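Novice: Need coordinates for the following:
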Amino acid sequence: MTRTTLALLALLASFPAFPDTTAAPADCGIGVYGLPRGEVVDISPSSERTLRWRKFDGTTGALEQGADGAWHGTAGWTKKPDGLKVTFNCAHDTLDFGGARATRVPLDVREGRFDADGTPLAGRLVLPAGRQPVAIAVLVHGSEGDSALQFYAMQRLLPARGVGVFVYDKRGTGSSGGRYTQDFARLSADAVAALHEARRLAGPRARRLGYLGTSQGGWVAPLAAQRERVDFVIVAYGLAVSVIDEDRECVELQMRLKGHSSADIVKALEVATAAETVFESGFTSGFAQFAALRAKYAAEPWYRDLHGNFTFMLLGLQESQLADTARQFEGWNTPLRYDPMPTLRALDTPQLWVLGADDIDAPSAETARRLRGLIDDGRRIAIATFPGAEHGITEYESAADGSRASTRYSAGYFELLRDYARDGRLKRHYGRAHLEGAR
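Specialist: Just a heads-up that it's a prediction; the model follows:
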């Protein structure tokens, strides 16, 4: 995959700063385990032949196998050793997690394949063990091109805490057919087909059904709920603005965080506007104007901090690369100016929006302002904003150059998702989250 493709994939990926993209060894150990004192820990594949553990309390880290055969930990996504040592006993479905013995949590797993307008998609329903009816969340993807069936840890974490999950590989990824797309209308129709399959597989065990959309899924899930009624919609680190507006918000926020003046931000947004024109044309026009602005401002001190999402990708692009770039994005059909507000205004489904106050990939301030307006108009929307959290609802540490390394998920985040899917209401406290709207 080229750097150009990776750059736009990072535009709206669920975890853009720390993608999990490569299958890892020790597949026998993949699963969710019960620890002493009622804790659970999930073990999932990660990148570079490593594993990742996640606890329901939000703590997490990477695991890499050492010469001794054991798996040794690094904290969060920092790559700093944390002293954790994990060993697997796959024959007995147990592991030793830093000296604590953990046993695999039994789950009711039902595989399925379903049709979405002639395209075969692969899905999986994961329910808590037993026969009792439960709430089920259909996971709606971000923009990543990886297999959700392989990499989504939420498919085990939530069922281990009493909420069922339906996970599926979206078209053009993993075990599903079709061609990768970012067409929100097409993806929302696929999400409805996934809902039907979840309902079929669950049978009498389905008590509540809804969507949990992350990042780009925050545009798709409400569209799916408008197509067919569900009991709830959860959007995590998604947006109530367009893709174009997202890029401009990113440019402005990132420049402000670097201390640049309003006058310099106006110049940066000039470049962003020119980049938008190139993208909207399918890389067929507007590049001369963009290149002229790039040359005009390249020597100014603020220019090195110009980023955004797809604006940054174009900064290093030459005219000779346009045709190849256009071919890479052929068929993506990203609706750059899709306005989600008409859908959100019309939707009467109860919604929970989970935002990171420090999200620089999908800045949350304008989205929160718009959602508050919908709440004032009587929509059944709850907002949970986690301070000190970025995209993915992860907390982070900053280096001297301003770069970030995520350390953990915000405390209370997974519990918040569980409670809203299960009960349709929230408690008073979820870590440090600020709660607004319907509770």
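Novice: Burial check on the nearest residue to residue 432 once chain neighbours are set aside, number of neighbours?
Specialist: Spatially, and ignoring its direct neighbours in sequence, residue 432 is nearest to residue 387 (5.5 Å; C-beta to C-beta, 6 or more residues apart in numbering). For every residue, glycine as well, the C-beta is placed using N, CA and C. For residue 387, the count of nearby residues is 13 (other C-beta atoms under 10 Å).
Novice: Hmm, residue 387 is touching residue 359, no?
Specialist: No: taking C-beta atoms under 8 Å as the definition, residue 387 is not a contact partner of residue 359, at 11.4 Å.
Novice: just checking, next helix/strand downstream of the helix or strand of the chain with the lowest mean pLDDT?
Specialist: Within the chain, no helix or strand scores below helix 3-9, which has a mean of 38 by mean pLDDT, DSSP states H and E. As assigned by DSSP states H and E, the chain's next helix or strand after helix 3-9 is strand 31-34.
Novice: average pLDDT across the helix or strand following that following strand?
Specialist: Toward the C-terminal end, the helix or strand that comes next after strand 31-34 (DSSP H and E) is strand 40-45. For strand 40-45, mean pLDDT is 96.
Novice: Just want the angle from the next helix or strand after strand 40-45 to strand 40-45.
Specialist: Under the assignment DSSP H and E, the closest C-terminal helix or strand after strand 40-45 is strand 51-55. Counting by axes from the mean of the first three to the mean of the last three C-alpha atoms, to 10 degrees, strand 51-55 lies at 160 degrees to strand 40-45.
Novice: Show me which positions of stretch 186-199 end up buried.
Specialist: For stretch 186-199, the neighbour count (16 or more other C-beta atoms under 10 Å) marks 186-195, 197-198 as buried.
Novice: For residue 258, which residues are in contact?
Specialist: Residues in contact with residue 258 (C-beta atoms under 8 Å, 6 or more residues apart in numbering) are 302, 305, 402.
Novice: Mind checking which of the residues you listed are buried?
Specialist: Buried by 16+ other C-beta under 10 Å: 302, 305, out of the contacts of residue 258.
Novice: can you put the contacts of residue 258 in a markdown table and add distance to residue 76?
Specialist: Listed next are the contacts of residue 258 as a markdown table, based on distance: C-beta to C-beta, whole Å:
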| residue | distance to residue 76 |
| --- | --- |
| 302 | 31 |
| 305 | 25 |
| 402 | 18 |
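Novice: And the helix or strand hosting residue 220, what does it pack against?
Specialist: Residue 220 belongs to helix 217-227 when assigned by DSSP H and E. When contacts are defined as 3 or more C-beta pairs under 8 Å, 6 or more residues apart in numbering; DSSP states H and E, helix 217-227 sits against strand 134-140, helix 184-202, strand 206-214, strand 232-236, helix 341-346.
Novice: Restrict the helix or strand residue 275 falls within to CA atoms and write it as CSV.
Specialist: Element membership for residue 275, per DSSP H and E: helix 262-280. In CSV, the C-alpha atoms belonging to helix 262-280 read as follows (Å, rounded to 0.1, in the frame of the first residue of the first chain):
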residue,chain,number,x,y,z
SER,A,262,-5.2,34.1,13.3
ALA,A,263,-3.6,35.7,10.2
ASP,A,264,-1.4,32.6,9.6
ILE,A,265,-4.4,30.3,10.1
VAL,A,266,-6.2,32.2,7.4
LYS,A,267,-3.3,31.5,5.0
ALA,A,268,-3.3,27.8,6.0
LEU,A,269,-7.0,27.6,5.3
GLU,A,270,-6.3,29.0,1.8
VAL,A,271,-4.1,26.0,1.1
ALA,A,272,-6.7,23.7,2.6
THR,A,273,-9.4,25.1,0.3
ALA,A,274,-7.2,24.6,-2.7
ALA,A,275,-6.5,21.0,-1.6
GLU,A,276,-10.3,20.4,-1.3
THR,A,277,-10.8,21.5,-4.9
VAL,A,278,-8.2,19.0,-6.1
PHE,A,279,-9.9,16.2,-4.1
GLU,A,280,-13.4,17.0,-5.2
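Novice: Name the residues of the next helix or strand along the chain from it that come out as buried.
Specialist: The C-terminal neighbour of helix 262-280 among helices and strands, as given by DSSP H and E, is helix 287-297. For helix 287-297, the neighbour count (16+ other C-beta under 10 Å) marks 287, 290-291, 293-294, 297 as buried.
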